[in-house]
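Trainee: My questions concern the predicted model and sequence given below.
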Amino acid sequence: MREALKYMYMGMYSIIILLGLPLNTLVIYTIFCKMKRTGRVIWFLGLAVTDLTVCLFLPFQIVSALDDFNWRFGRGLCKFCSFVMFVNMHSTALMLSFMSTDRCLSALVSRACCKSFVSKSMVLLSWTIGTLLSIPSFLFRSVKDTDNGQSCIDDYKTTAEGERTLHLVTFTRLFFGLLLPLFVITIGSCFVSMKRSSIQIKASKSYRIIRAIIIAYFLCWIPYHTFMVMALVVQSPRELFTVGLPISTILAGLNSCVNPIICILMGRSISMTWMEAAPETTGEQDQSAENLTEIKTHHEQKDL
């Protein structure tokens, strides 16, 4: 079983790196060099930077798995690799929540100013809060001597206080990484659906891509939170967690390469020009743009 997990870690993390590093770099390069940094573009830039950071630290996990899960990079990198992973989780959850709220406000109220500034502020706020919420990785992640050598694992101590701390950290991550964004995004989607122009909004390419990114985030992270909570509150066979938790951890890491794939495939363009072209306000503006295009086409045909 350990050999199977070892090769699974190496194979899946290698795929994540091979896809995540170039594709997230492509998104960042395209935005910086070829696009005007509008509000919506900044959201995608924030997500790409967050995902790229995770990909940069995955090689340490591959080398550790190759060495039969021995950790030879010291306590500092052990803490930082875990820290980066949870900063990614919290920051992405917050960015998607803020993005959903921004889209909801844009659908309900016409806003023509300060969008870029607001988006930049929200991305920076997401990174800041994500960093603060990930501090437990620095406090409780450590290198411990085990039967298989030195392992980079969580160390909450086998005391009553350690158990309480483990419960607090687990449920805090569950709340901010899953429940809160799910609630905010659901409420935002309901408000957008209530808007008279929701059909035009939902038909836009940007809306469909954002929705796919949100679904991908929850699909990647729900298994991890499920296994972590089950480990605390359910008496399940140890084998279930021995296999399930590593798989759910890999699935969570997979989220770091999924977003650019969604942007390129659903956008049907490697240049991702839809980010810049997509309207950032109400669905009525979508319809107005379409009407102007039809009028222009009609006049051109008439001239011919």
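Mentor: That came through, no problem. No experiment lies behind these values; they were computed from the predicted model shown.

Trainee: Next, name the residue at the spatial heart of the protein.
Mentor: For the chain, the residue nearest the mean C-alpha position is T92 (3.9 Å; CA atoms, centre = their mean).

Trainee: which element is that residue on?
Mentor: helix 74-108 (DSSP states H and E).

Trainee: Flag every buried residue along the helix or strand just after that helix.
Mentor: The first helix or strand that comes after helix 74-108 along the chain, using DSSP H and E, is helix 115-133. Applying a neighbour-count criterion of 16 or more other CB atoms under 10 Å, one finds K115, S116, V118, S119, K120, M122, V123, S126, W127, I129, G130, L133 buried in helix 115-133. (Glycine included, C-beta is placed from N, CA and C.)

Trainee: buried stuff in stretch 60-68?
Mentor: Buried, per 16+ other CB under 10 Å, within stretch 60-68: F60, Q61, I62, S64, A65.

Trainee: go on, stretch 255-274?
Mentor: 255-260, 262-264, 266-267, 272, 274.

Trainee: Ok, stretch 170-190 next?
Mentor: So, applying 16+ other CB under 10 Å, buried residues of stretch 170-190: T170, R173, L174, F176, G177, L178, P181, L182, V184, I185, G188, S189.

Trainee: got the CA coordinates for that stretch in PDB?
Mentor: Extracted C-alpha coordinates of stretch 170-190, given in PDB (Å, rounded to 0.1, in the frame of the first residue of the first chain):
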ATOM      1  CA  THR A 170      -9.900  21.600  11.500                       C
ATOM      2  CA  PHE A 171     -13.300  23.300  11.900                       C
ATOM      3  CA  THR A 172     -11.900  26.800  11.200                       C
ATOM      4  CA  ARG A 173     -10.500  25.500   7.900                       C
ATOM      5  CA  LEU A 174     -13.800  23.800   7.200                       C
ATOM      6  CA  PHE A 175     -15.700  27.000   7.900                       C
ATOM      7  CA  PHE A 176     -13.500  29.500   5.900                       C
ATOM      8  CA  GLY A 177     -12.400  27.100   3.200                       C
ATOM      9  CA  LEU A 178     -15.800  25.500   2.400                       C
ATOM     10  CA  LEU A 179     -18.900  26.500   4.300                       C
ATOM     11  CA  LEU A 180     -18.500  30.300   4.200                       C
ATOM     12  CA  PRO A 181     -17.700  30.500   0.500                       C
ATOM     13  CA  LEU A 182     -20.400  28.100  -0.300                       C
ATOM     14  CA  PHE A 183     -22.900  30.200   1.600                       C
ATOM     15  CA  VAL A 184     -21.700  33.500   0.000                       C
ATOM     16  CA  ILE A 185     -21.600  32.100  -3.500                       C
ATOM     17  CA  THR A 186     -25.000  30.500  -3.200                       C
ATOM     18  CA  ILE A 187     -26.600  33.700  -1.900                       C
ATOM     19  CA  GLY A 188     -24.900  35.700  -4.700                       C
ATOM     20  CA  SER A 189     -26.100  33.300  -7.400                       C
ATOM     21  CA  CYS A 190     -29.600  33.600  -6.000                       C
END
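
Trainee: now what about it, what contacts it?
Mentor: With CB atoms under 8 Å, 6 or more residues apart in numbering as the test, stretch 170-190 has contacts from 86, 89-90, 93-94, 96-97, 100-101, 103-104, 133, 214, 217-218, 221-222, 225, 228-229, 232.

Trainee: ok, 7 Å please
Mentor: Surrounding stretch 170-190, the residues in contact under the criterion CB atoms under 7 Å, 6 or more residues apart in numbering are 86, 89-90, 93, 96-97, 100-101, 103-104, 133, 214, 218, 221-222, 225, 228-229, 232.

Trainee: Show the end-to-end separation of stretch 31-50, please.
Mentor: Taking CA to CA, to the nearest Å, the first and last residues of stretch 31-50 lie 15 Å apart.

Trainee: Show me which parts of that stretch are buried, residue by residue.
Mentor: Buried residues in stretch 31-50, counted by 16+ other CB under 10 Å: 31, 35, 38-50.
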